[in-house]
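Trainee: Provide a 3D model corresponding to the input given below.
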Amino acid sequence: MPSDSVPTGAEDGIAVSLRAFDDIVLEGYRNLFPGDPDKTVDLLKWRFRSNPHGEACFAVASKGGEVVGMIALVPTLLRTPTGNRHGYQAIDTVVHPLCQGRGLFVRMGRLAQDSAEHGGEILWGFPNANAAPGWYGRLGWTNFGPAPLLMRPLRSSFLLGRIHARLRSMDLPLIRGRRISQRILDCGDRPGDCFGLLWERVKQDFGVAVDRDRRWIDWRLKQKPGADYRCVALKDDSGNLDAFVALKIADKHGARLCYVMDAICARGRTADLARLLHSELALAARSGAEAALAWCPRTAPNYRAYRKAGFVSVPSRLRPIEINFGARALRDEFASTAASGADWYVSFLDSDTN
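Mentor: Numbering: from 1, shown residues only. The predicted structure follows:
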């Protein structure tokens, strides 16, 4: 892809073009996301240049040499029941406040959806409350509904603190550890080897999903700057991997939260995965985590393990922020792939903020 495609719609002095990740895009991030801890130079280079699924591209709006809007397109190899598809996840949609109301979002979005420009077959993502009307209303995305958020309280402070701030001091763990007969393997140094081997055995059960192969998992969980993920697996007596869990603890939304990045198991090993999840959540609670969060669709094969481990679905009205889920096929022959959210699998590994 050329570093700068032919500008479109420049009649108002604002040109929209498709760019690779370069110094102009980097300067745009500095100006449009000032001080954002998720937009450091190291994190941007990791996300947009090191991704084993390919380098990112950007629908960029510029005026007088200054970036005034952008949509980042992260390449994703999507594994589907009918074969692999070249997709892009749309993230970091932004328009400078002084340029809002001029239709820039739609102009950038139409370029982002031009398959002839970048070769992508499906565009997908998690629009927030501001972006959702544009993607769904003007740009033809299928709305899969809210991101499939699950939650389990881990300490009493999480629940009591929502009744009254003074009750947060009544802080007791709500989960206890259990003994596990199988061997727990620490995969922190080689998460791709652990997860990747298991993924190859079960990926056909997960419908439409980003292909979580060994290289992608290592990039996502090990190579990320500042990564602090705990990755563990269970082995049976024969040395076969039964289950894998990756999580991290972070202070967000006014609480100390445990994010389950992903949790999968071999066929018939749902109970083992639930036990591993329970053990890891008990450890997180002892480390001060007040609640555990996860993304997992009800149709996914690992959903029952989350339920066995005590997770419940979080209604939209109780969520701290609005995160939606949707997609659009960029070629007619792939329309069925983007037609139903029930066919898709997502976890926090697919989130660009965790």
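
Trainee: Report the separation between the two terminal residues of stretch 216-226.
Mentor: Using CA to CA, to the nearest Å, the end-to-end distance of stretch 216-226 comes to 17 Å.

Trainee: what comes into contact with it?
Mentor: 40, 42-43, 46, 50-53, 77, 188-192, 195-196, 199, 210, 227, 229, 231, 246, 261, 349 (CB atoms under 8 Å, 6 or more residues apart in numbering). Bear in mind the C-beta positions are built from the backbone N, C-alpha and C, glycine included.

Trainee: Please produce a PyMOL select command covering the buried subset of these.
Mentor: In PyMOL, this line selects whichever of the contacts of stretch 216-226 come out buried by 16 or more other CB atoms under 10 Å:
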select buried, resi 43+46+51+52+53+77+188+190+191+192+195+196+199+210+229+231+246+261+349
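
Trainee: what about R317, how many residues close to it?
Mentor: Applying other CB atoms under 10 Å, we find 5 residues neighbouring R317.

Trainee: So which of the contacts of stretch 216-226 are in helices?
Mentor: Members of the contacts of stretch 216-226 lying in helices (criterion: DSSP state H): D42, L43, W46, P191, G192, F195, G196, W199.

Trainee: any chance of the residues you listed in CSV, plus distance to P315 and pLDDT?
Mentor: Output for the ones in helices among the contacts of stretch 216-226, formatted as CSV (distance: CB to CB, whole Å; pLDDT from 0 to 100):
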residue, distance to P315, pLDDT
D42, 37, 97
L43, 32, 97
W46, 34, 98
P191, 32, 96
G192, 35, 95
F195, 31, 94
G196, 35, 90
W199, 31, 96
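
Trainee: Among those, which one lies nearest to S287?
Mentor: Nearest to S287 among these, counting by CB to CB, is P191 at 19.5 Å.

Trainee: right, and the helix or strand after the longest strand along the chain?
Mentor: Secondary structure of the chain per DSSP state E: the longest strand is strand 66-80. The helix or strand immediately downstream of strand 66-80 is strand 83-95, counting by DSSP states H and E.

Trainee: who's in contact with that following strand?
Mentor: 29, 32-33, 39, 57, 61, 68-78, 104-105, 108, 112, 118-125, 127, 131, 135, 211, 334, 337, 350, 352.

Trainee: where do the strands sit along the stretch 251-354 of the chain?
Mentor: Taking DSSP state E, counting those that start in this stretch to define them, one finds strands in the stretch 251-354 of the chain at 255-265, 291-295, 312-313, 324-329.

Trainee: oh sorry, the question was meant for the stretch 1-150 of the chain
Mentor: Going by DSSP E, counting those that start in this stretch, the stretch 1-150 of the chain shows strands at 15-20, 57-63, 66-80, 83-95, 122-125, 142-146, 149-153.
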